[in-house]
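**Q** Got a predicted structure plus its sequence, pasted below:
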Number of protein chains: 2
Amino acid sequence: MTQTQVTMRDVARTAGVHPGTVSRVLNPRTRALVNPATAERVEQVARELGYSLNPIARGLKTRRTFSVGVLIPDLQNPLFPPIIRGIERVLDAAGYTALVASTDGDPARERQRLETLIARQVDGFVIATAERRHPVVADAIASGFAVVLVNRTIEGGGVFAVVPDDRRGAAMAVGHLAELGHSRIAHIAGPQATTTGLLRYRGFVEAMEDAGLAVEGRLVAQADAFTIAAGEQAARGLLAGARPTGIVAANDLLALGAYTALAEAGLRCPADVSVVGFNDMPFADRFAPPLTSVHIPHTGIGARAAELLLERIEDPAATPQTLMLEPSLRVRQSTAAPARAARRPRAGGSGATASRGSRGAGR
Amino acid sequence: MTQTQVTMRDVARTAGVHPGTVSRVLNPRTRALVNPATAERVEQVARELGYSLNPIARGLKTRRTFSVGVLIPDLQNPLFPPIIRGIERVLDAAGYTALVASTDGDPARERQRLETLIARQVDGFVIATAERRHPVVADAIASGFAVVLVNRTIEGGGVFAVVPDDRRGAAMAVGHLAELGHSRIAHIAGPQATTTGLLRYRGFVEAMEDAGLAVEGRLVAQADAFTIAAGEQAARGLLAGARPTGIVAANDLLALGAYTALAEAGLRCPADVSVVGFNDMPFADRFAPPLTSVHIPHTGIGARAAELLLERIEDPAATPQTLMLEPSLRVRQSTAAPARAARRPRAGGSGATASRGSRGAGR
DNA sequence: TTGTATGCGTTATCAG
DNA sequence: CTGATAACGCATACAA
């Protein structure tokens, strides 16, 4: 029942000094101003009394809470927990606390969470929910908040962001399929309101053109969310007409949706249709079949974002920068050479060498 | 640059009333004490000025923050995001904010997070990291904190908890395999320091006895964490000697580890060895093969825990209660009748009827 | 019904 | 180097 609330006054009293002095001792930045001997004594007493600083009282005075808000679009997407871990790792080390909020793709909820976090006086934000035109994010930045975008960014620049090279990633996926001999390659595009959705789509188109392959309109399906269900629906459309032999999905959940649609249509992956995902999220290697995917550094992306945020918080005049991280292809068992179509001549040894992992399940 | 900090004083001034009155208006509990007309006016002004209450200032005064700490052992385990979602759903509705902290199974980190949260004056905790003897949890409860345990509980009772019926769940898994004709059934036990680890183990043993099956010592392997890696290692031991035809894993990640060990040993699942998981976590149905697992209501367990916590916060004298939720078996393609062993006589039509999902991938 | 005064625990400014 | 004092934004007992 005793919520031990030892205050600076208590420490001061038993140490025989003034509360102000205790404050100075306990604050690293002002500790130098005080006599080493008394400082020592104060710390001793504080320890004995089990004193711990009350951050909300401090925050009231300093307008800094050493906490940052983290906005996640969908906690159920396995991509995000590792990103959060990366964020927390560097934040913790710097004495900050991450306040994680999942918006479940709901703009109203997002705005509400943002306001709650602002009310709680967070010192900044790491935002993974950005859309290309995002009023709430733009407002927050315009209002002077320290904001770093992660995974997705907004258009117009002038913002701190850590993102994968989406175009290159999509190009890698196309290149891999082309090299395997595919020519009818489809794309399940993510929501075009996000940079990940748009840039992966553009990367797909460009890579197809570079490979001399046609991008037929009906071989691009639009998913309205980065979810399995949306991927399934989009893939169904793709499978209705003249069938592709390969599918590049804008992320792994969409790829999983494609798996479902394929099974539903009685098609096998990769025997009938190859599928490539994006993100290489946890468990991608455990699906049936293990998913070939464009890998991005999960915890790394989060850690870098947090580092940028700390810089921005320390120095509000810091120059905005976008960090673009290099993706790489993880080839697994969801991709293979097309069965019936004539093989195109291989491009030679360059590009992704499709070495199969030797530890896959015996199938 | 303008972190618009409109305070009650500002509202009071432009509304021509005293700050105290503004406070009364803006607080639902005291709003009745003020003249409806002035109240109206004050609210109007507050809205126009974009006033928002400063929860940390309020918290300093009231010692309530309307926030609760949520301790998660491993955010990367897909079981937890839905639980968190359930927690947040009811907390949000009640005007509370969830502060989620992942401890990554590190006791030091757990203690640190707990202290941080206490320092931030959370009104209570939902804890998913409990071990059977858990000093930090016990201390927190003894200190009078509102605490609800979720998924795992501690020994000794006197605590609020929402957990699955672990024994029954394990018994269902055993019953399913026995009914399929398995008699050499092994168990990958979770950490015995947790109730989920211990009770699922006990449930396994009891169900084996009930089925008239022998529990050989070397058919129980101990995993030292609820992770894929630990499951893999434990399963390797199981596969070394006289092989089981079925494995009951204490959770789905351990089951995935078993998949790996089986593949490594050149064994197929379920043709050579059947595997049953526990939790029916998201994606369990997408693995190779789709995992038969004991289902528990994920968001439900979280929601109920949050509800109990709110009750406990409102009424510190509330009677501790443990809510035990009924599991159910989800039969998928990781279980089948044993190939070579003599089939035991079927128990009849009762029990889990192994109806295969007809939408599985065509394999 | 509303104004006044005080304090929550801390930090910052100003003396000494 | 340290003490005194005010203030951060809000809530509440008390007075009017």
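**A** The structure has been received and is ready for your questions.
**Q** which residue does the stretch 251-363 of chain A bring closest to chain B?
**A** residue A:288 (3.5 Å; CB to the nearest CB). The way it works is simple: take the backbone N, C-alpha and C, and place the C-beta from them, glycine included.
**Q** what's the strand or helix carrying residue A:198 in contact with?
**A** Here residue A:198 is covered by helix A:195-210, with elements defined by DSSP states H and E. With contact meaning CB atoms under 8 Å, 6 or more residues apart in numbering or on different chains, helix A:195-210 is reached by A:130, A:132, A:151-155, A:163-164, A:166-171, A:173-175, A:178, A:185, A:187, A:189-192, A:214-215, A:220, A:226, A:248, A:250-251, A:278.
**Q** swap in stretch A:233-240?
**A** Here stretch A:233-240 makes contact (CB under 8 Å, 6+ apart) with A:186, A:188-189, A:218-219, A:221-223, A:244, A:247, A:254, A:257-258, A:260-262, A:264-265, A:267, A:273.
**Q** got the contact list for residue A:24?
**A** When contacts are counted by CB under 8 Å, 6+ apart, residue A:24 touches A:30, A:31, A:33, A:34.
**Q** Could you dump these into a markdown table and include neighbour count, distance to residue A:24 and secondary structure?
**A** Below are the contacts of residue A:24 laid out as a markdown table (neighbours: other CB atoms under 10 Å in any protein chain shown; distance: CB to CB, whole Å; DSSP: H, G, I helix; E, B strand; the rest coil):
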| residue | neighbour count | distance to residue A:24 | secondary structure |
| --- | --- | --- | --- |
| A:30 | 13 | 4 | coil |
| A:31 | 14 | 7 | helix |
| A:33 | 11 | 6 | helix |
| A:34 | 19 | 5 | coil |
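**Q** now, which of the residues you listed sits nearest DNA strand C?
**A** residue A:30 (6.2 Å; CB to the nearest atom of the strand).
**Q** so does the helix or strand harbouring residue A:261 get close to chain B?
**A** Following DSSP H and E, one finds residue A:261 within helix A:252-264. Yes. Helix A:252-264 reaches chain B (CB under 8 Å from any CB of the partner chain) through A:256, A:259, A:260, A:262, A:263, A:264.
**Q** okay, the residue lying closest to residue A:94 once chain neighbours are set aside: pLDDT?
**A** Nearest residue to residue A:94, sequence neighbours excluded (CB to CB, 6 or more residues apart in numbering or on different chains): residue A:310, at 5.5 Å. In this model, residue A:310 is scored at 97, pLDDT.
**Q** What are the neighbouring residues in contact with residue A:310?
**A** Contacts for residue A:310 (CB under 8 Å, 6+ apart) come out as A:90, A:91, A:94, A:96.
**Q** related to what we said a few turns ago, just the contacts of residue A:24 that are near DNA strand D?
**A** Contacts with DNA strand D within the contacts of residue A:24, counted by CB under 7 Å from any atom of the strand: A:33, A:34.
**Q** wait, which of the contacts of residue A:24 is closest to DNA strand D?
**A** residue A:34 (3.6 Å).
**Q** that older thread, just the buried residues from the contacts of helix A:195-210, in ChimeraX please.
**A** Here is the ChimeraX command that selects the buried residues among the contacts of helix A:195-210 (16 or more other CB atoms under 10 Å in any protein chain shown):
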select /A:130,132,151,152,153,154,163,164,166,167,168,169,170,171,173,174,175,178,185,187,189,190,191,192,220,226,248,250,251,278
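**Q** The residue of the stretch 251-363 of chain A closest to chain B: how many residues sit nearby?
**A** Other residues lying near residue A:288 total 23 when counted by other CB atoms under 10 Å in any protein chain shown.
**Q** Chain neighbours aside, what residue packs nearest to it?
**A** Closest to residue A:288 by CB to CB, 6+ apart is residue B:288, at 3.5 Å.
**Q** Please report how far that neighbour lies from residue A:289.
**A** Separation of residue B:288 from residue A:289 (CB to CB, to the nearest Å) stands at 7 Å.
**Q** next one: residue A:170
**A** Applying CB to CB, the value for residue A:170 to residue A:289 is 21 Å.
**Q** Against which helices or strands is the particular helix or strand that has residue A:179 in it packed?
**A** Per DSSP H and E, residue A:179 falls inside helix A:166-180. The contact analysis (3 or more CB pairs under 8 Å, 6 or more residues apart in numbering or on different chains; DSSP states H and E) places helix A:166-180 against strand A:185-189, helix A:195-210, strand A:246-249, strand A:274-279, strand A:292-295, strand A:328-330.
**Q** rerun at 10 Å
**A** Secondary-structure packing of helix A:166-180 (3 or more CB pairs under 10 Å, 6 or more residues apart in numbering or on different chains; DSSP states H and E): strand A:185-189, helix A:195-210, strand A:246-249, strand A:274-279, strand A:292-295, strand A:322-325, strand A:328-330.
**Q** need those in TSV with mean pLDDT, can you?
**A** Shown next, in TSV, are these (pLDDT from 0 to 100):
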stretch	mean pLDDT
strand A:185-189	98
helix A:195-210	98
strand A:246-249	98
strand A:274-279	98
strand A:292-295	98
strand A:322-325	97
strand A:328-330	98
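**Q** Just send the ones you listed back as TSV, with distance to residue A:125 too.
**A** Converted to TSV, the helices and strands packed on helix A:166-180 look like this (distance: least, CB to CB, whole Å):
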stretch	distance to residue A:125
strand A:185-189	28
helix A:195-210	17
strand A:246-249	29
strand A:274-279	22
strand A:292-295	26
strand A:322-325	16
strand A:328-330	29
